[in-house]
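K.L.:
Fold the following and give me the result.
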Amino acid sequence: MKLKEKRRKLERKVNSLEEELRLTKEQNSRRTSRPSRLTKDSQQLSEAPNKLVKSLSQVLQEKTCSEEMSSEYLPQEDLDNLDKEALKYKLELADEKLKMMQDKLKMIEEEKMEDVYQLTEMIQTSKQLFKEALTMLQKSKCVCS
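P.N.:
Presented below is the predicted three-dimensional model:
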């Protein structure tokens, strides 16, 4: 009976993590304004290791609880297999999140380079327009005198 409850809890956690992953992917697919995206991405990058450590510590706590509670009901091999599967799943989730964050970082860097290029072009255009205006003024001054 307790094993079934525990399995339901784990399934709920898996479902919630899958939902979180889906929501994160949806958020990544939406385009947001650059400043808000940069702050959000930097926050997520700084929070990622903490979340991973917390989730791994939760898995380890579950493992110790499961060993204590269900060792009477299941053989040790089955418990180890369940724990290994849970850890593999958590590792896969962490890998997915890492890949997503690397992609975000790459996008941010590309946008940054694009912005630098555009600003450089704007500066060059401004310089050229300034020089043209200066020559026009100098010509008009020469004609007057």
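K.L.:
Low-confidence regions, the chain specifically.
P.N.:
Along the chain, the parts satisfying pLDDT under 70 run over 1, 29-75, 79, 143-145.
K.L.:
residues near Lys131, how many?
P.N.:
Residues lying near Lys131 (other Cβ atoms under 10 Å) number 10. All C-beta atoms are positioned from the backbone trio N, CA, C, and that covers glycine.
K.L.:
so who does Thr24 touch?
P.N.:
Contacts of Thr24 were listed using Cβ atoms under 8 Å, 6 or more residues apart in numbering, and they are Lys97, Met100.
K.L.:
Okay, buried residues for whatever helix or strand it lives in please.
P.N.:
Taking DSSP states H and E as the definition, Thr24 sits inside helix 2-29. Judged by neighbour count using 16 or more other Cβ atoms under 10 Å, the buried positions of helix 2-29 are Leu3, Lys6, Leu10, Lys13, Asn28.
K.L.:
Taking helix 2-29 as reference, get the angle to the strand or helix carrying Leu105.
P.N.:
Using DSSP H and E, Leu105 falls within helix 76-144. If you take axes from the mean of the first three to the mean of the last three Cα atoms, to 10 degrees, helix 76-144 sits at 10 degrees to helix 2-29.
K.L.:
Tell me which other helices or strands helix 76-144 touches.
P.N.:
The contact analysis (3 or more Cβ pairs under 8 Å, 6 or more residues apart in numbering; DSSP states H and E) places helix 76-144 against helix 2-29, helix 34-70.
K.L.:
List the contacts of Lys25.
P.N.:
Lys25 neighbours (Cβ under 8 Å, 6+ apart): Met100.
K.L.:
Repeat that for Lys106.
P.N.:
So Lys106 contacts nothing (Cβ under 8 Å, 6+ apart).
K.L.:
separation between it and Lys99?
P.N.:
In this view, Lys106 and Lys99 are 10 Å apart by Cβ to Cβ, to the nearest Å.
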